[in-house]
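Q: Could you look at this predicted model? Sequence included:
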Amino acid sequence: MSSRKQLIVSHAPFWHNGSGVPERSYHFLLAALPAALMGLATFGAPALAVLSLSVASAIGWEVAFNYVSKRPVTVADGNAAVIGLLFAMVMPATTPWWLVLLGTLLAIVVGKQIFGGIGANPFHPVALAWAILFVSYRPFFDFDGMLVNYNFDFPAAYPIAALKAFGPEAVAELPLLDLLLGRQTGGIGATCGLAIIAGGVYLILRGFIRWEIALSFIGGIFFTALLFHIGDPTRYASPWFHLLTGYTLIGAFFLAPEDSSSPVNFAAMLIYGALMGFMVILIRNIGAFADGVILAILVGNTINPLVDKIRPKALGKVT
Amino acid sequence: MTQRSFFGFAKPRFIYEELTDTLVTPQSVPLPSAVTLYIDKPYAQKDALTLKSGTPVKTGERLSLGDDEGPAVIATVSGTIQGLSAFTGDYGKRLTAVTIEVGKDEPAPEGFDPAAPPTLSYLKRYFTTAPGAPPLASLADSERGISKLVIYGGDADLLTHTNQYVAKTRSEALKKGIEVLQTATELDEIIMALPGETIQGHEYPGTTVINVPASYPSAQPLMVLFKTLGYTVPSDGDTTSLGVVFIRAEAVAAIGSAYLTGKLVTDKLLTIIDKQGNRCLTTARLGTPVRQILAQFKIELADGDRLIFGGPMTGSAIFTEDQSIMPDTDAIMVQDAADVSVCTDYPCINCGDCVRICPATIPVPMLVRFLEAGQYEEAADLYDLFSCVECGLCSFVCPSRIPILQYIKLGKYELAQILTVEEANE
């Protein structure tokens, strides 16, 4: 019996298309990189410090939690790095180090690991961490105050805050092309619309995010803003302005379509995205906050389990 | 082509390949020195007394374990019995393995008689272990009431050509087989399902030929049942209660051929898929060990390789090359250690790839969560477990490499066990 071969036995199917979780994360990082690099070009060395600390500390918190909870170390799947990078991208370049550490701790531990790790988080970890910090440390999210020591060759007012404070006239002079090319202030990786769109289109084409959510989110923002704008152009800015400022694009391509916290059925994805887009404009136009993207995404995350019940009839079922 | 395409939003698509018109005659594997046949009954010590080692057997003889009407196997060779042993098949199914040392070929003096009236119980007696494994026990089960008999003119899995070859080359035997089955079952209508556009040249009396799409998994039995024939999923998942029985073309041809020639068919047609994915058809005596077939085709097996009975999507891996081919082995696939994909216990990340590819529109991410937790009844009631056609495409695309199909089949198996116990208690 010694000549017997040790064969591998497992269940069908015996083929696999080769996809994997690490591959998804690394492509996510790759897609987010152009926007982060544009942020570096705009904000310089402080932005690099925030980015590096955020990615490193996110990975560190994940390892620490893995050890504390006696679970296998999961940083190799790249998800912690993605969370770290995205967290830095929505923060101002001058964020203090302790806020970055606190933010990634909240994102990794409260946002993801206490729910059971990857795939189990009901909210986007970055959105949750941002929201907790936003209500706790409001001054650090005032981009005009945080970026006051910079000398930009473009208007240094945070467009979405200027709109809230002074109405559409204050931002009417901003050229849309400048906004698209990143000549505006904001989060490190949230200013250059073109780079974010490029990354998002890459992710959509490669099938790493669900296009239905990204497009319906943008559609929801556009049409709701359009209705407000048509209703009263003197009080509400044009939909194009809403698309290119604040966290709209990074929310559409990197935050809203996060795997775990969003639905998977076609109709549900469209409703989910559109509803979040609608919420964004409600918060921006009549709510108390300047930018509602991340808060709207959190609201969207809460209805995900419910909306995902809208699904096609399975094969061979009558009702 | 099994790799993910660059444009990941495009679904992978598999097509059942059609055999070309120039059909090569299958190469036949020489008779082995010993064959092993399986009787569908758990092995018991006392059975060794009924089939003692050294007992002579003749080709076509019916070997049963004591009870002549009970489970049996038709000897495919002449020779002497070497011994009996216990054998465990898929899902812990317990069988008795009978090993026969091959001697000089002699037909059994009494056995199958083509002149005898073809009743279901007579067919069940002689054809249950015929090549293609005709489901005669289900047909003969008078309690169920069979309403439809569906013949596969093609193969359910990919890369497999066995039944397609039979449908293309053995039409005389098929016609006779259909006639015999019609007499035996007294069914008005027999359906023949053919994948692709191969309907031409297939005309059988009393048979409706239907096409199923050439794209995988359209020819999987449950897919034909729910999609092509439009049946609804029974609430307890017991598809046999629908009264539709599926039979391989090879099995029909085996019955027909026996009635035409007076001799039982003992050779099984197989598709051999080697490590490079090259395929060829071969015939081998039922009970031939896989080792011999691999040697014939000069396929080297190494540690860490995978040996599969059936195709790449729905076959079952076997653990030893000493196992012999069974009546339902349509293909033997060999996978190199480098190509073996391994499942993981990583959690579902809810990416939705399975939802996009599922031909039965099942909410797979929710289903797999319930199945992982062992909540099979909830999985069936809330998340359409019984709609699954068991094609394996969800596991094929899963980035977390969850053995989804295994969970699904386990869930169905466990629920069927519960159902059986409940019926027994009634």
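A: Right, received. Where do you want to start?
Q: worst-scoring helix or strand of the chain, pLDDT-wise?
A: As the question left the chain open, I've gone with chain A. Least confident helix or strand, chain A: helix A:168-171 with a mean of 90, by mean pLDDT, DSSP states H and E.
Q: nope, chain B please
A: Sorting the helices and strands of chain B by mean pLDDT, DSSP H and E puts helix B:47-50 at the bottom, at a mean of 78.
Q: can I see the domain layout of chain B?
A: Domains of chain B are assigned by automatic domain parsing as B:32-102, B:120-261, B:266-338, B:353-425.
Q: For residue A:186, which of the ones you listed is the nearest?
A: Closest to residue A:186 of the domains of chain B, according to CB to CB: domain B:353-425, at 32.2 Å. (Glycine included, C-beta is placed from N, CA and C.)
Q: how close does residue B:304 sit to residue A:69?
A: For residue B:304, the distance to residue A:69 (CB to CB, to the nearest Å) stands at 33 Å.
Q: Residue A:310 too?
A: Residue A:310 is 35 Å from residue A:69, by CB to CB.
Q: try residue B:105
A: The spacing between residue B:105 and residue A:69, counted by CB to CB, is 67 Å.
Q: again with residue A:164
A: Per CB to CB, residue A:164 is found 42 Å from residue A:69.
Q: So these two - more neighbours on which side?
A: residue A:164 (18 against 12; other CB atoms under 10 Å in any protein chain shown).
Q: Show the contacting residues for that one.
A: Neighbour list for residue A:164: A:284, A:289-290 [criterion: CB atoms under 8 Å, 6 or more residues apart in numbering or on different chains].
Q: which residues sit against the helix or strand following the least confident helix or strand of chain A?
A: Next along the chain after helix A:168-171, taking DSSP states H and E as the criterion, comes helix A:176-180. Residues outside helix A:176-180 that contact it (CB under 8 Å, 6+ apart) are A:154, A:159, A:184, A:192-194, A:240-241, A:244-245.
Q: Give me the subset of the residues you listed lying in helices.
A: Among the contacts of helix A:176-180, the members found in helices (DSSP state H) are A:159, A:193-194, A:240-241, A:244.
Q: Quick one: those residues as JSON lines, columns for neighbour count and distance to residue B:396 too.
A: Shown next, in JSON lines, are these (neighbours: other CB atoms under 10 Å in any protein chain shown; distance: CB to CB, whole Å):
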{"residue": "A:159", "neighbour count": "26", "distance to residue B:396": "47"}
{"residue": "A:193", "neighbour count": "23", "distance to residue B:396": "37"}
{"residue": "A:194", "neighbour count": "17", "distance to residue B:396": "36"}
{"residue": "A:240", "neighbour count": "15", "distance to residue B:396": "43"}
{"residue": "A:241", "neighbour count": "22", "distance to residue B:396": "45"}
{"residue": "A:244", "neighbour count": "24", "distance to residue B:396": "40"}
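Q: now those residues as JSON lines including distance to chain B and pLDDT?
A: Formatted as JSON lines, the ones in helices among the contacts of helix A:176-180 follow (distance: CB to the nearest CB, whole Å; pLDDT from 0 to 100):
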{"residue": "A:159", "distance to chain B": "33", "pLDDT": "92"}
{"residue": "A:193", "distance to chain B": "22", "pLDDT": "95"}
{"residue": "A:194", "distance to chain B": "22", "pLDDT": "96"}
{"residue": "A:240", "distance to chain B": "27", "pLDDT": "95"}
{"residue": "A:241", "distance to chain B": "30", "pLDDT": "95"}
{"residue": "A:244", "distance to chain B": "25", "pLDDT": "94"}
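Q: residue of the stretch 201-319 of chain A with the smallest distance to chain B?
A: residue A:207 (2.2 Å; CB to the nearest CB).
Q: how many neighbours does that residue have?
A: Residue A:207: 24 surrounding residues under other CB under 10 Å.
Q: can you check the one 3 residues further on too?
A: The number of residues packed around residue A:210, counting by other CB under 10 Å, is 28.
Q: Just to check, the residue of the stretch 201-319 of chain A closest to chain B is in contact with residue B:12?
A: No - with contact defined as CB atoms under 8 Å, residue A:207 does not count as touching residue B:12 (10.8 Å).
Q: quick revisit: redo the domains of chain B as JSON lines? Include distance to residue A:23 and mean neighbour count.
A: JSON lines is the format used below for those (distance: least, CB to CB, whole Å; neighbours: other CB atoms under 10 Å in any protein chain shown):
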{"stretch": "domain B:32-102", "distance to residue A:23": "33", "mean neighbour count": "17"}
{"stretch": "domain B:120-261", "distance to residue A:23": "24", "mean neighbour count": "20"}
{"stretch": "domain B:266-338", "distance to residue A:23": "19", "mean neighbour count": "20"}
{"stretch": "domain B:353-425", "distance to residue A:23": "7", "mean neighbour count": "21"}
